[in-house]
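Enquirer: Would you be able to build a 3D model of this:
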Amino acid sequence: MRTWFVTGGTPGGFGMAYASAALDAGDRVVLTARRVELLRDWERAQAGRALVLPLDVTDAGQVDAAVRAAQERFGGIDVLVNNAGRGWYGSVEGSSDDAVRRQFDLNFFAVLTVLRAVLPGMRARRRGWIVNMSSVAGLRGVTGFGYYSAAKHALEAVTEVLRAEVAPLGIKVLAVEPGAFRTSAYAGFGDEPVEETIADYRPLLNGIRTSMVAQDGQQPGDPDRGARAVLAAMSQDPPPHRLVLGDAAFDTVTRTFEEALADIRGSEKLSRDADFPGGSAGGAEGT
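Expert: This is a model prediction of the structure:
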């Protein structure tokens, strides 16, 4: 029986979907959320196999306290699901520094905080699973969500490097990239007016906001089916490095990589000619 630690447990979202799937698999769950009142009845119904904890993942003290509480209740954490996060729209040029930091604090730095709290126990036991909830936006930038996309791209890079670093320690790492799923993620846009500071971008962002509001409740993705797909991927031998969720998302991601590969190959001669003539192969992959 494994113990899961899942952030972002808002009812109707991926966090609750992961919790339900884990319980159905016979495991135990620690589900965290900023507001836990709506989760108490669900917790009581799980006959001691679930623990609900209040948690703001951007608060390092709260993260440490929640991880300690989970370990005291169930022992070690076997599966960490970094699910908490959300996006805000805004142009790249017009977004304030505070707005950009808010995106990265929640969608990137908070993930690092949770990782650092959970990984010592996994390293000590030489086993564990990290599931980082990224997004299609982490593989293909989304217009109007430039800094959300940037944060998710950063998460993708950290996930890739972390996978290599912890593999010798018996810890597996999976990136999950969902497309449009029927969660509460779009619900807040109706109450958030566009606060773009540059007039040239307001028509674009107003259109994006209108589209997001119209899609709320109509997204094709099913969080419960998505969570079960992740559990199925984790059971594969070997497991995948990433799992794209959703029909349209799969098409978007594969097309993105195919277009990127074609673009890179189109400049192959320029790329290869940048080396010193007769230079030795190898060296650092980057600057």
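
Enquirer: going forward, measure contacts between C-alpha atoms and count neighbours the same way
Expert: Fine.

Enquirer: What residues sit buried inside stretch 121-140?
Expert: 121-122, 127-140 (16 or more other Cα atoms under 10 Å).

Enquirer: and which of those residues is nearest R2?
Expert: For the buried residues of stretch 121-140, the closest approach to R2 (Cα to Cα) belongs to G128, at 9.4 Å.

Enquirer: check contacts around L23.
Expert: By Cα atoms under 8 Å, 6 or more residues apart in numbering, the residues touching L23 are V29, R49.

Enquirer: That one: which element?
Expert: Following DSSP states H and E, the helix or strand that holds L23 is helix 14-24.

Enquirer: Tell me the buried residues in that helix?
Expert: Across helix 14-24, burial judged by 16+ other Cα under 10 Å covers F14, G15, M16, A17, Y18, A19, S20, A21, A22, L23.

Enquirer: Stretch 23-43 too?
Expert: L23, D27, R28, V29, V30, L31, T32, A33, V36, L39, E43.

Enquirer: With respect to E93, which of these is nearest?
Expert: Nearest to E93 among these: A33, at 32.3 Å, using Cα to Cα.

Enquirer: for this protein, which spans come out with low pLDDT?
Expert: Across the chain, the ranges flagged by pLDDT under 70 are 187, 190, 279-287.

Enquirer: ok, which stretches of it are helices?
Expert: Using DSSP state H, the helices of the chain run over residues 14-24, 40-44, 60-74, 97-104, 110-125, 146-166, 202-215, 223-234, 247-266, 268-272.

Enquirer: Now do the second one: distance to the chain's middle.
Expert: What it means is helix 40-44. Relative to its chain's centre, helix 40-44 lies at 25 Å (Cα atoms, centre = their mean, to the nearest Å).

Enquirer: do the same with the longest one
Expert: Relative to its parent chain, helix 146-166 has a centroid offset of 9 Å by Cα atoms, centre = their mean.

Enquirer: do the fourth one as well
Expert: From the chain centre to the centre of helix 97-104 is a distance of 17 Å (Cα atoms, centre = their mean).

Enquirer: For that helix, enumerate the helices and strands it packs against.
Expert: Where contact means 3 or more Cα pairs under 8 Å, 6 or more residues apart in numbering; DSSP states H and E, helix 97-104 is packed against helix 146-166.

Enquirer: Now the helix it packs on: buried residues?
Expert: Within helix 146-166, the residues that count as buried by 16+ other Cα under 10 Å are 146-156, 159, 162-163, 166.

Enquirer: Closest one of the residues you listed to E192?
Expert: Y148 (16.1 Å).

Enquirer: The closest one is in contact with Q103, isn't it?
Expert: Yes. Judged on Cα atoms under 8 Å, Y148 makes contact with Q103 at a distance of 6.0 Å.

Enquirer: any residues in contact with both of those two?
Expert: R86, G87, W88.

Enquirer: Who wins on neighbours among these?
Expert: G87 (20 neighbours; other Cα atoms under 10 Å).
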